[in-house]
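K.L.:
here is my input; please provide its structure:
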Amino acid sequence: MKVYFLSSIALIFALFTSSVYAQEKIVEQKENYVILTKKIPQLQPIFLSAEALAKEDGEQFGEFKIIICGKTVQELTDKEMMQKYVEKAAKLNVELVVCGFSLHKFGVEKNNISPELKIVENGILYNLQLQKKGYTSLSL
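P.N.:
This is a model prediction of the structure:
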């Protein structure tokens with residue numbers, strides 16, 4: 001009888017303890033975001049969203065990445081126009097990412113875009129990989 005009683009208490013204690021650890025793990029998780037866009041002018045409203053989410057999430061705000069793909073990568077060669085976006089991204093701690101596949105398809109040389117822009121081999125694949133890691137994703 002004592003064995004059953006002690007076993008029951010041990011089981012209840014084990015379940016309760018693992019539940020508490022699971023809740024702590026959820027609380028520590030950061031909110032990460034990724035947006036895939038095909039139009040440079042959409043960067044401004046995306047920045048506004050990043051800023052609002054950073055305020056809303058507070059300490060839970062994690063990473064915010066914007067992936068630029070499609071024909072619009074041709075506009076990235078205008079370094080003067082892109083400078084204001086690069087500066088705003090840096091101020092908001094937003095990472096600007098460029099699809100290397102799009103650069104190749106539309107004949108844009110990597111050295112013709114701002115060095116602050118991160119280039120990935122395939123923007124769509126990168127987006128999916130981030131989603132698998134738990135990023136909230138939006139494609140425009």
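
K.L.:
C-alpha only now, for contacts and for neighbours.
P.N.:
Noted.

K.L.:
in which helix or strand does the closest residue to L92 other than its chain neighbours reside?
P.N.:
Here the nearest residue to L92 in space, its sequence neighbours aside, is E51; by C-alpha to C-alpha, 6 or more residues apart in numbering that works out to 6.6 Å. When secondary structure is defined using DSSP states H and E, the element that contains E51 is helix 43-57.

K.L.:
from the contact counts, what lies against that helix?
P.N.:
Using 3 or more C-alpha pairs under 8 Å, 6 or more residues apart in numbering; DSSP states H and E as the contact test, the elements touching helix 43-57 are strand 61-68, helix 79-92.

K.L.:
start and end of stretch 100-118, how far apart?
P.N.:
The straight-line separation of the ends of stretch 100-118 (C-alpha to C-alpha, to the nearest Å) is 9 Å.

K.L.:
after the helix or strand of the chain with the lowest mean pLDDT, which helix or strand is next? Please name it.
P.N.:
Every helix and strand of the chain was ranked by mean pLDDT, DSSP states H and E. The lowest is helix 2-28, at a mean of 56. Proceeding N to C from helix 2-28, the next assigned helix or strand is strand 31-37, under DSSP H and E.
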